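In: here is a sequence together with a model predicted from it:
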Amino acid sequence: MIELSLWSPSDARKSIRSGAWDKPTAGMANGFIQANLAILPKELAFEFLLFCQRNPKSCPIIDVTEPGSPIPKLSAPDADIRTDLSKYRVYRNGELAEELTNISSQWNDDMVGFLLGCSFTFEEALLKNHIPIRHIEENRNVPMYKTNLESVKAGRFEGPMVVSMRPMSEKDAIRAVQVTSRFPSVHGAPVHIGNPETIGINNINQPDFGDSVTIKEGEVPVFWACGVTPQAVAMHVKPEIMITHSPGHMFITDLKSEDFAVL
C-alpha cells in the first residue's frame, strides 16, 4: 500500500468517498492544499464571504462553489463536497445536530460551499525543516481551542477565533514562524506563542476540538489561527443550518501548496 503522504489528491478523495478512509487527513497527499469546509444557505453567503475577507488569518478563502453546486471548480473540478470529506458536522440553530460521512441528503439547491485554507498544508514544510509535529507522531487529531480573541464582525457573523496548537522547542518555534509566514493562504504565521491563558485557554490538556497531545519539558505551545473558527461562529450566530467539516477531517484539493507560498 502506498504511504498516505504519497497519495494523489484524487486517490485520497476516492478512498474517502468509498468509506475506506474515515480518519483525520493530517499527513495525507503531501504537497497539496487541504481545506476546511463551511456550507451555508445562499441568503447568508455574502455576509459569510465578508466575514472571511475581514478575518483572513482564520478563514483564508481557497474556493467558493456556485449556489446549488457541490463542485469546487477551481480547486478540484472532479470532486464533490457532499461526499469527499471523511466526516461532516451539521449544525442546526447553533447546535451540533449530527456527524455524517455523506451529506447528499442534507444538500439542496440553495447551498453555497466555502473551502478555507487549513494548517495541515504547512505541516509538510515544518517537517521538511526538521520540526516535529506531535499529533502526527502520536497518530492523533491536532488540538484546537476557542480563545478570547474576537473575530471582526461582518453582518450577522461574529464570534471567537479558534486556534490549533503544536508544541515545540523554543528554537523550533522561531523557525516555525519563518516557515509558516510563507503560507498566508493557509493561516500563515502563529497568532500566539507561549502562555495559553493569555488568549483565554485555561487548560491546555483539554482542547475544545481534536485531541490532547504530549507537551514535553522545555517545549512551548505554538498557536495558529484555525479554520474551525466558523464552527465557533455557528454556535454563536445560530444560523438555521450550517454544515462544516468535522475538525481534522479536511477536503484535499488538487492545488499545490508551493503555488500558494510567498517567496
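Out: Alright, I've got the coordinates. Because the structure is predicted, anything quoted here is derived from the model rather than measured.

In: the helix ranked longest in the chain: what's the following helix or strand?
Out: Longest helix in the chain by number of residues (criterion: DSSP state H): helix 42-54. Under the assignment DSSP states H and E, the closest C-terminal helix or strand after helix 42-54 is strand 61-64.

In: relative to that following strand, what are the paired strands and their orientations?
Out: strand 111-117 (antiparallel) (DSSP bridges).

In: mean confidence score for the partner strand?
Out: Mean pLDDT, strand 111-117: 95.

In: the residue nearest to Asp109 when sequence neighbours are not counted - how many residues pack around it?
Out: Nearest in space to Asp109, with sequence neighbours left out and distances taken as Cβ to Cβ, 6 or more residues apart in numbering, is Gly68 at 3.7 Å. All C-beta spots, glycine's among them, are computed from the backbone N, C-alpha and C. By other Cβ atoms under 10 Å, 12 other residues sit near Gly68.

In: ok, Asn202 next?
Out: Count around Asn202 with other Cβ under 10 Å applied: 8.

In: quick one: which helix or strand includes it?
Out: Going by DSSP H and E, Asn202 is not in any helix or strand.

In: one more: Gln178?
Out: In the assignment (DSSP H and E), Gln178 maps to helix 170-180.

In: contacts for the longest helix of the chain, please.
Out: 38, 40, 59-61, 64, 67-68, 110-112, 114, 116, 151-158, 230, 233, 239 (Cβ atoms under 8 Å, 6 or more residues apart in numbering).

In: kindly report the same for stretch 61-68.
Out: Contacts of stretch 61-68 (Cβ under 8 Å, 6+ apart): 33, 35, 42, 45, 49, 52-53, 71-75, 81, 108-117, 185, 253, 255.

In: swap in 10 Å and give it another go.
Out: Contacts to stretch 61-68, defined as Cβ atoms under 10 Å, 6 or more residues apart in numbering, come from residues 33-36, 39, 41-43, 45, 48-49, 52-53, 71-76, 81, 107-118, 121, 185-186, 227, 251, 253, 255, 260.

In: how far away from the center of its chain is it?
Out: 16 Å (Cα atoms, centre = their mean, to the nearest Å).

In: same question, stretch 162-179
Out: Distance, centroid of stretch 162-179 to centroid of chain: 17 Å (Cα atoms, centre = their mean).

In: about what we covered before: among the contacts of stretch 61-68, which ones are buried?
Out: With neighbours counted using 16 or more other Cβ atoms under 10 Å, the contacts of stretch 61-68 contain these buried positions: 33-36, 39, 41, 45, 48-49, 52, 71-72, 75-76, 81, 107, 111-118, 121, 185-186, 227, 251, 253, 255, 260.
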